[in-house]
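Peer 1: I'd like to go over a predicted model; first the sequence, then the structure.
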Amino acid sequence: MAQHMWLRLVWISLLHNVVSVEHEDEFIPTIHGQCVFPFWYRHEKYHDCVKLNAKHRWCSLHSIFQGYWKYCSLEDFAQCMFPFWYRRTIYWECTEDGEVFGRRWCSLTRNYNMDRVWKFC
C-alpha cells in the first residue's frame, strides 16, 4: 500500500513538472529575438502582433509557435507589403479604395485578394 502511494506521488509530481514547464514556455516572454510573420499559433495563422491571452500585443519568434515569443515594440508590428494586389489593381502605396470611411490602408501580403490581411496606414 505504501509503495503504491509513493509511486502515485512520484507520478503526480512528474506530471505537475511537465504541465508547469509547458505553461511557463507559453507565458514568459523572451527578451531577444525578432518577430516572424506570418506565424501559426493554436492552428491559426497570424500576420501581425496579437493580443491573445495577454495584456499587450506579442509575436512568435518562430513561424510555428514553439513557446518563444516577445512583447511587440513599435518596430515589431507587421509592415505594409508593397506592391500589393487588390481587386484588379496593383498598389505601390497605401490606398483608400474599398474603405467605407476613406481611411488609408495597406495589405500585409503581396496578394490581398487571396490572403485578406491588412492594416490601417
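Peer 2: Thanks, I have it.
Peer 1: Okay, helices next: where are they in this protein?
Peer 2: Using DSSP state H, the helices of the chain run over 2-27, 112-115.
Peer 1: weakest of these in terms of mean pLDDT?
Peer 2: Mean pLDDT values for these show the minimum at helix 2-27, a mean of 42.
Peer 1: give me the beta-bridge partners of residue 120?
Peer 2: In this entry, residue 120 is beta-bridged to residue 105, by DSSP bridges.
Peer 1: can you tell me how far residue 98 sits from residue 84?
Peer 2: Residue 98 is 12 Å from residue 84, where distance means C-beta to C-beta, to the nearest Å. C-betas here are computed from N, CA, C, even on glycine.
Peer 1: Between those two, which contacts overlap?
Peer 2: Common contact partners of residue 98 and residue 84 (C-beta atoms under 8 Å, 6 or more residues apart in numbering): none.
Peer 1: Looking at those two, which has the bigger crowd around it?
Peer 2: residue 84 (23 against 10; other C-beta atoms under 10 Å).
Peer 1: Surely that one touches residue 91?
Peer 2: Yes. Residue 84 lies in contact with residue 91 (C-beta atoms under 8 Å); the separation is 5.5 Å.
Peer 1: Next, show the common contact partners of those two.
Peer 2: Shared contacts of residue 84 and residue 91 (C-beta under 8 Å, 6+ apart): 106, 107.
Peer 1: So in terms of bridging, what pairs with the nearest residue to residue 65 once chain neighbours are set aside?
Peer 2: Distances taken as C-beta to C-beta, 6 or more residues apart in numbering place residue 41 nearest to residue 65, at 4.3 Å, with adjacent residues excluded. Counting by DSSP bridges, residue 41 is bridged to residue 44.
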